[in-house]
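Peer 1: For reference, the sequence and a predicted model appear below.
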Amino acid sequence: MSISELFASIEIHKGPTVATVGTFDGVHLGHRALLQQVQCEAKARGAISVALVFKEQPRAFIKPDFNVSYISNLKTRRNILTEIGIDQVIELDFGTAIQKLSAEEFVSELQHLIELKALIVGPNAKIGFDRLGIEKLSLSKKLCNVDFIEAPTKIANGCAVSSSAIRNAIIKGHCESAAIMLGRNYSISGVIVEGDRRGRELGFPTANIRPDSIITVPGNGIYATIVEIDGKSHKAATSIGVRPTFETSGVRTIEAFLLDFDGDLYGQQIQIEFISRTRSEIAFESTEKLIIQMNKDVDEVRKILAK
């Protein structure tokens, strides 16, 4: 499918536009600052604000062996962009004709298809298969009617905010750092599936989660979390890891022990919000020592979530 055919299947708002383009994984503070700039520029020009969102990370197509994971799925990204107030969100399949377009060809198509008047991109952004930055694009005679603007780097807690930096923080279990860059606590969603009931045997019945998609899972350990089910929030101690005291398969599991809760949750959709990691995953010499530590973990989680 060509980009023209793709846009033909979408109801496009009529009128000049100010747009941005990217995956917007996580829709973090850097994205939000950029999107606010798009909105301000559009308002000043009497134009429509547009976010062109790649459904998948372009690197997944450019480097097929690249290990792709996401901070947020497409539905979440779309919902946040709409809540922010972007006039139109257009979802793009990068693995179509788009990946074959040069930067000049891509922007030229946008001129024609959405009446593009200004393109605002993130720091050091590259466009097209030839990976051009906006400095070179601004020299194109073919694109002389388009203004190119690069948004400044967003700094939070002394660090440059980026989706890659947030993924790294999540993988390392640094929930607080990820939250600062996201502007909210990191969360994952999934369906509760039946496990081996090991937790119940130990006195800690857990909800075993199967994440929705190729989502970034926090590093192994015990976490203070908030679990949302049917609009209700529950405090929980969540374990992520391979259960080394019992398992040798190396398969990672996500298990949430809801504090002061008793009920059947199988098959329900839940969201786990990560507040802080209390400790890393370790193997115990006996079940008895594991249970002692689990009680300590629950006490620590209560203290953290009481703050």
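Peer 2: Cool, got the structure. In this text the structure is predicted, and so the values were computed from the model without any measurement. Numbers count the residues shown, from 1 in each chain.

Peer 1: Any stretches of this structure with poor pLDDT?
Peer 2: 1-2, 195-203, 212-213, 247-248 (pLDDT under 70).

Peer 1: mind giving me the domain split of it?
Peer 2: 3-155, 185-306 (automatic domain parsing).

Peer 1: Any chance of TSV for the ones you listed, columns mean neighbour count and distance to Ile166?
Peer 2: From N, CA and C alone the C-beta is placed, and that goes for glycine too. Formatted as TSV, the domains of the chain follow (neighbours: other C-beta atoms under 10 Å; distance: least, C-beta to C-beta, whole Å):
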stretch	mean neighbour count	distance to Ile166
domain 3-155	17	6
domain 185-306	16	8
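
Peer 1: Next, format those domains as CSV and append distance to His174.
Peer 2: Output for the domains of the chain, formatted as CSV (distance: least, C-beta to C-beta, whole Å):
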stretch, distance to His174
domain 3-155, 14
domain 185-306, 8
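
Peer 1: start to end distance for stretch 162-177?
Peer 2: 12 Å (C-alpha to C-alpha, to the nearest Å).

Peer 1: CA atoms only for the longest helix anywhere in the chain - export them in CSV, please.
Peer 2: Determined from DSSP state H, the single longest helix within the chain is helix 287-306. The C-alpha trace of helix 287-306 is given here as CSV (Å, rounded to 0.1, in the frame of the first residue of the first chain):
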residue,chain,number,x,y,z
THR,A,287,10.7,-22.9,51.6
GLU,A,288,10.6,-21.8,55.2
LYS,A,289,13.3,-19.0,54.6
LEU,A,290,11.4,-17.9,51.5
ILE,A,291,8.1,-17.5,53.5
ILE,A,292,9.9,-15.5,56.2
GLN,A,293,11.3,-13.2,53.5
MET,A,294,7.9,-12.9,51.7
ASN,A,295,6.4,-11.7,55.0
LYS,A,296,9.1,-9.1,55.2
ASP,A,297,8.5,-8.1,51.6
VAL,A,298,4.8,-7.5,52.3
ASP,A,299,5.6,-5.4,55.3
GLU,A,300,8.1,-3.3,53.3
VAL,A,301,5.5,-2.9,50.5
ARG,A,302,2.9,-1.7,53.0
LYS,A,303,5.4,0.9,54.3
ILE,A,304,6.2,2.2,50.8
LEU,A,305,2.6,2.4,49.7
ALA,A,306,1.6,4.1,53.0
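
Peer 1: of all the domains of the chain, which lies closest to Ala165?
Peer 2: Closest to Ala165 of the domains of the chain, according to C-beta to C-beta: domain 3-155, at 8.9 Å.

Peer 1: which residues touch stretch 215-223?
Peer 2: Contact with stretch 215-223 is made by 69-73, 167, 170-173, 175, 186, 188, 211, 237-242, 252, 254, 274-281, 297, 301, as judged by C-beta atoms under 8 Å, 6 or more residues apart in numbering.

Peer 1: Among the domains of the chain, which comes closest to Ser162?
Peer 2: Across the domains of the chain, Ser162 has its closest neighbour in domain 3-155 (6.5 Å, C-beta to C-beta).

Peer 1: Do me a favour and get the end-to-end distance for the closest one?
Peer 2: Terminal-residue distance, domain 3-155 (C-alpha to C-alpha): 35 Å.

Peer 1: Isn't Ala179 up against Ser187?
Peer 2: No - using C-beta atoms under 8 Å, Ala179 is not in contact with Ser187; the gap is 10.1 Å.

Peer 1: before we move on, the earlier item: filter the contacts of stretch 215-223 down to the ones in helices?
Peer 2: Reading helices off these with DSSP H, I get 167, 170-171, 175, 297, 301.

Peer 1: Good, we can wrap up now.
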